[in-house]
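Asker: here's a sequence, model it:
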Amino acid sequence: MDLFLSSSVKPLLKLTTPLTNCLQSHLPIISAPMAGISGLELATEVSLAGGFGFVGLGYETLEHLDQEIIDIRKKFSHLSFDQLLPIGYGFLVWRLEEEEENLGIEKIEEYFFKLISQIRCIWLSFGNNLARWIRLLNRLNASSSKSEKCKIAIQVTNVREAEELLNDHQSFFDILVVQGSEAGGHGLSTGTPINAILPEILGLLRSLNNSSKSQPIIVAAGGLVNGNHLAAMLALGATGIVCGTRFLATPEAKYSNQQKANIIASKSQDSFRTDLFDILRGTTGWPSGIDGRALRNQTVVDYENGVDIDVLKAKYTEAVKKGDASRVVTWCGASGGSVTNIKPAQHIVQEMAEEAIMAIKNLATLLG
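Answerer: Numbers count the residues shown, from 1 in each chain. Below is the predicted model of the structure:
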């Protein structure tokens, strides 16, 4: 049964890459698992349009998954129970480690086993021991009776991290997401632009081709908001792209209307890297060297003017209660200035595909 029968935008366009073969999607476009922002509605709409959508679990507890799995099945009611749902879940490994202290590893394994039996991909990022959690998923996948196994995507922010995982012959994963420093939200404070880090990791992968370990496919992330970016990353050797910021400006994203308006009004120079918002929110469990790219706002201005941190925390807490987007964080990538309107997620996916295909065709004319 065709996944796309219930889509309001027919995915007439198709770009086939190793990523689309892996995720069984029509297009090599992934919506990022943005914590607290990319929920079930956004992820579903991206998948229905031919891309592949991720839900970002973020700071919610694993118990939240029980009801969500039921809700996902309702969204894709035309699929049989034996079929994995065309959607993914993203997990912050440092948050899983906190959950382990509260629930115990057995309970976490129970939740993950439910999940890998239902969805097509799990994404892990930002942890001090990613390999341990990859091996856990490998073991659960091996014990599943489903003929189709849940795919595993791993995000890295530097070459050293990628090299360690690729050389770990006990950890098997399907997709390696390479995040450049342009990415909105959290990333490496001293990160490298995607145009530099992507070729380096692709070169590393080629050097390991003689390894007995099967190699993952490479996906690019960081400041990628349109079809020209997709075409460029395919030309560099990626099999697809991850988009976060572009999907923030959709009706389906969980940002407030004012936060979305802030993104649309922003220019490329308006986003910057900081750990200020994590300090104010109390979300400071990130691995060393990780901060976030966000839009500059009144909170930042006050901080730069020397306002006491406790005063800032009180103001921030009040702003969250009031939904004051002039003070609460709006995560946004370096290409936010190219996001100029709010559109449904399905339309964005198709628009990106059309633009990428046009760019590829235009480049082909240069061959004479």
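
Asker: just checking, residue 259 touches residue 330?
Answerer: Yes: Residue 259 lies in contact with residue 330 (CB atoms under 8 Å); the separation is 4.6 Å. (C-beta placed from N, C-alpha, C; glycine too.)

Asker: between these two, point out the one with more neighbours.
Answerer: Comparing residue 259 with residue 330 by other CB atoms under 10 Å, the one with more neighbours is residue 330, at 26 against 23.

Asker: so what's that one up against?
Answerer: 255, 259, 262-263, 294-295, 297 (CB atoms under 8 Å, 6 or more residues apart in numbering).

Asker: okay, and the beta partners of the residue nearest to residue 38 when sequence neighbours are not counted?
Answerer: Distances taken as CB to CB, 6 or more residues apart in numbering place residue 56 nearest to residue 38, at 4.8 Å, with adjacent residues excluded. Residue 56 forms beta bridges with residue 90, as assigned by DSSP bridges.

Asker: residue 56 against residue 31, yeah?
Answerer: No: here residue 56 does not reach residue 31: they are 9.5 Å apart, not a contact under CB under 8 Å.

Asker: those two: who's more crowded?
Answerer: With neighbours defined as other CB under 10 Å, residue 56 and residue 31 compare such that residue 31 has more, 31 against 27.

Asker: where does this structure dip in pLDDT?
Answerer: 1-12, 210-213 (pLDDT under 70).

Asker: mind listing the helices for the stretch 1-150 of the chain?
Answerer: 18-23, 40-48, 64-75, 93-103, 105-116, 130-143 (DSSP state H, counting those that start in this stretch).

Asker: run the angle between the following helix or strand past the longest one and helix 130-143 for me.
Answerer: Of the helices and strands lying after helix 130-143 in sequence (DSSP states H and E), the nearest is strand 151-156. The directions of strand 151-156 and helix 130-143 differ by 180 degrees, with axes from the mean of the first three to the mean of the last three CA atoms, to 10 degrees as the criterion.

Asker: quick one, strand 151-156 and helix 93-103 angle?
Answerer: 120 degrees.

Asker: quick one: distance of strand 151-156 to the chain centre.
Answerer: Its chain's average C-alpha position is 10 Å from that of strand 151-156, according to CA atoms, centre = their mean, to the nearest Å.

Asker: again with stretch 183-195
Answerer: With CA atoms, centre = their mean, you get 13 Å for stretch 183-195.

Asker: neighbouring contacts of it?
Answerer: Contacts of stretch 183-195 (CB under 8 Å, 6+ apart): 32, 34-35, 126, 157-158, 178-182, 197, 200, 220-224, 233, 236, 244-245, 248, 271, 273, 275, 286, 289-294, 331-334, 336.

Asker: how about stretch 247-265?
Answerer: Residues contacting stretch 247-265 (CB under 8 Å, 6+ apart): 31-32, 34, 36-39, 41-42, 45-46, 184, 245, 295, 297, 323, 325-326, 328, 330-332, 336, 339-345, 348.

Asker: which of those fall in strands?
Answerer: 31, 295 (DSSP state E).

Asker: which among the contacts of stretch 247-265 end up buried?
Answerer: Neighbour counting with 16 or more other CB atoms under 10 Å marks 31-32, 34, 37-39, 41-42, 45-46, 184, 245, 295, 297, 325, 328, 330-332, 336, 339, 342-343, 345, 348 as buried within these.

Asker: dump the contacts of residue 330 into CSV; add distance to residue 99 as well.
Answerer: Formatted as CSV, the contacts of residue 330 follow (distance: CB to CB, whole Å):
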residue, distance to residue 99
255, 25
259, 27
262, 32
263, 31
294, 25
295, 30
297, 31
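
Asker: out of the residues you listed, who's nearest residue 66?
Answerer: Of all the contacts of residue 330, the one with the least separation from residue 66 (CB to CB) is residue 255, at 25.7 Å.

Asker: tally of neighbours for that closest one?
Answerer: Residues near residue 255, counting by other CB under 10 Å: 22.

Asker: residue 204 too?
Answerer: Considering only other CB under 10 Å, residue 204 is surrounded by 14 other residues.

Asker: same thing with residue 143?
Answerer: 10.

Asker: cool, residue 131 as well?
Answerer: Neighbour tally, residue 131, other CB under 10 Å: 16.

Asker: which residues are in contact with the longest helix along the chain?
Answerer: Across the chain, the longest stretch assigned as helix under DSSP state H is helix 345-364. Residues from elsewhere that reach helix 345-364, judged by CB under 8 Å, 6+ apart: 7-9, 11, 13, 15, 27, 29, 31, 42, 45-46, 48-51, 53, 226-228, 230-232, 234-235, 243, 246-247, 250-252, 343.
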